[in-house]
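Asks: Quick one, fold the following:
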Amino acid sequence: MTPDAELTAADLAGMLRLPATAPSTSTSCRPEAVTVSLMFSDAAMGHRYGVLTVVNDSSEACSVQGYPGIGARGGWGSTFQLAAEQRDPIAPSATQDEVMLAPGGSAVANMEWTGELAGAQSEPISLLVVQLTTDGEVIGHPVSAESTGIPEPDTGIDIGMMTTVRVGPLQPESASA
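Replies: Predicted coordinates for the structure are as follows:
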């Protein structure tokens, strides 16, 4: 099995279950200029909620827009067959406006996952893949206790092989619900 850190751009692109909705522009944030993270925030009646954050790590302003593309890989090397939807689970009326990110600035997208969640006997998520533009490269974000700041074994991110995952459009961080 190829370790997550050694996957190629083509490998990551093959894990995408749903592509991004916005085309690249001259101001679009490039994968090498951002950091992507997913933080668990709440759970209720079989539904889990989190926030996907995109931070501009470059010294130049850049933009994000629309729904990010998403996919996932499991700790045993499987490409997850997520039922992925681009629909904001918290703010149904969220818009797909362009969000300019100053250096160090961030944008967020609400996420929800439900249905077939990963348990003790199933393959846990190890890598979330995110695409910012329809023709852009896919970014791999490790999903582990180390990356989430939550002690082992519970990161709160129990996305599994067949989980239903909903993601909202990227919004300025202050607009997050």
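Asks: Show me what the mean pLDDT comes to for stretch 26-36.
Replies: Taken as a whole, stretch 26-36 has a mean pLDDT of 96.
Asks: same question, stretch 90-104
Replies: For stretch 90-104, the per-residue pLDDT averages 94.
Asks: measure residue 78 to residue 70 for me?
Replies: To residue 70, residue 78 is 16 Å away according to Cβ to Cβ, to the nearest Å. C-beta coordinates here come from the backbone N, C-alpha and C atoms, glycine included.
Asks: neighbour count winner among these two?
Replies: Taking other Cβ atoms under 10 Å, residue 78 and residue 70 do not tie; residue 70 has more neighbours (28 against 14).
Asks: What's opposite the more buried one in the beta bridge?
Replies: residue 18, residue 130 (DSSP bridges).
Asks: wait, what's in contact with it?
Replies: By Cβ atoms under 8 Å, 6 or more residues apart in numbering, the contact set of residue 70 is 16, 17, 18, 82, 84, 128, 129, 130, 131, 165, 167.
Asks: Closest one of those to residue 28?
Replies: residue 131 (11.4 Å; Cβ to Cβ).
Asks: which residues does the closest one contact?
Replies: Residue 131 makes contact with 13, 16, 19, 20, 68, 69, 70, 137, 138, 139 under the criterion Cβ under 8 Å, 6+ apart.
Asks: just checking, next helix/strand downstream of the lowest-mean-pLDDT helix or strand in the chain?
Replies: The least trusted helix or strand in the chain, going by mean pLDDT, DSSP states H and E, turns out to be helix 145-148, with a mean of 44. Scanning forward in sequence from helix 145-148 by DSSP states H and E, the next helix or strand is strand 159-167.
Asks: Quick one: list the elements packing against that next one.
Replies: strand 69-74, strand 83-86, strand 106-117, strand 125-131 (3 or more Cβ pairs under 8 Å, 6 or more residues apart in numbering; DSSP states H and E).
Asks: Sheet partners, orientation included, of that strand?
Replies: Going by DSSP bridges, the partners of strand 159-167 are strand 83-86 (parallel), strand 106-117 (antiparallel).
Asks: which residues are in contact with the helix or strand just after it?
Replies: Reading on from strand 159-167 to the C-terminus, the next helix or strand found by DSSP H and E is strand 171-172. By Cβ under 8 Å, 6+ apart, the list of residues contacting strand 171-172 from outside reads 91, 94, 99, 107, 108, 109.
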